[in-house]
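Chemist: no FASTA, just this:
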């Protein structure tokens with residue numbers, strides 16, 4: 001091989017090596033750009049995700065929003081916010097005040113044992129009964145069932161006093177009333193299922209829409225505030241003429257016999 005050919009071969013080899021190095025440098029540059037771009041997209045995605053969840057976290061919850069919703073008062077109520085719920089003959093001279101929380105297990109026991117007696121007494125005109133609903137169990141358990149059931153009771157009251165009484169009885173019944181730790185009343189479908197056991201509410205689309213749409217949610221909160229302002233600290237609580245009705249043991253009457261005894265004494269007072 002001549003020196004000229006040898007030199008040309010070396011020059012060609014160096015040129016190929018240089019070209020290969022340039023191609024490799026370009027590939028490395030493109031790779032770095034892709035990595036940077038992907039990293040930037042990832043950072044933006046994370047930032048966007050964080051931003052989304054921050055916005056969601058700062059949105060008011062359903063019941064917080066309900067505080068500012070339009071107040072719809074159920075039919076068959078009186079008072080500034082429709083929170084005076086009195087059922088009975090207008091001729092009845094005295095009124096029994098009954099304070100209950102829908103999730104309260106002792107209220108359920110009371111209703112199962114005494115509820116029919118209360119309804120019969122009211123029907124007979126022995127006294128009127130005023131219902132005041134509470135939601136303190138929701139507050140202590142971070143739940144929603146007391147408020148949601150109270151709203152559904154408002155929907156039943158809008159249908160009529162009889163529907164209200166029967167629905168309240170069903171909600172407190174042994175079959176449908178959940179354990180205090182089970183926030184079952186937060187589910188609209190469950191409340192509607194219970195309502196289907198009440199003739200006036202079974203398949204009642206207006207009632208069902210009111211439950212699903214939370215028509216009386218604001219009213220339920222107003223009712224709960226009325227309970228909070230009453231000074232009553234436990235449920236069930238019974239009062240007549242401003243005085244708590246209790247047995248000799250100091251608690252609420254939990255049998256029909258005890259109930260009749262303390263109520264008759266109050267009616268005579």
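Modeler: Sure, I can see it. In this text the structure is predicted, and so the values were computed from the model without any measurement.
Chemist: just checking, residue 245 touches residue 239?
Modeler: Yes - Residue 245 is in contact with residue 239 according to CB atoms under 8 Å; the separation is 6.5 Å. From N, CA and C alone the C-beta is placed, and that goes for glycine too.
Chemist: so what's in contact with the two at the same time?
Modeler: residue 96 (CB atoms under 8 Å, 6 or more residues apart in numbering).
Chemist: Sketch out the helices for the chain, chain order is fine.
Modeler: 3-58, 62-66, 105-123, 136-141, 145-159, 161-171, 188-195, 205-213, 217-230, 256-268 (DSSP state H).
Chemist: which strands and helices sit next to the second one?
Modeler: Where contact means 3 or more CB pairs under 8 Å, 6 or more residues apart in numbering; DSSP states H and E, helix 62-66 is packed against helix 217-230.
Chemist: so the helix it packs on versus helix 145-159, what angle?
Modeler: Relative orientation of helix 217-230 and helix 145-159, computed by axes from the mean of the first three to the mean of the last three CA atoms, to 10 degrees: 110 degrees.
Chemist: Which positions in helix 217-230 come out as buried?
Modeler: 217, 218, 219, 220, 221, 222, 223, 224, 226, 227 (16 or more other CB atoms under 10 Å).
Chemist: Kindly reformat those as a markdown table containing pLDDT and distance to residue 67.
Modeler: Shown next, in a markdown table, are these (pLDDT from 0 to 100; distance: CB to CB, whole Å):
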| residue | pLDDT | distance to residue 67 |
| --- | --- | --- |
| 217 | 98 | 9 |
| 218 | 98 | 7 |
| 219 | 98 | 12 |
| 220 | 98 | 11 |
| 221 | 98 | 6 |
| 222 | 98 | 9 |
| 223 | 98 | 13 |
| 224 | 98 | 11 |
| 226 | 98 | 14 |
| 227 | 98 | 16 |
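Chemist: From start to finish, how long is stretch 129-140 in a straight line?
Modeler: In stretch 129-140, first residue to last residue: 28 Å (CA to CA, to the nearest Å).
Chemist: average pLDDT across stretch 200-207?
Modeler: What stretch 200-207 shows for mean pLDDT is 98.
Chemist: so what's the nearest residue to residue 78 once chain neighbours are set aside up against?
Modeler: Distances taken as CB to CB, 6 or more residues apart in numbering put residue 84 closest to residue 78, at 4.5 Å, once the chain neighbours are dropped. Shown in contact with residue 84 (CB under 8 Å, 6+ apart): 77, 78, 130.
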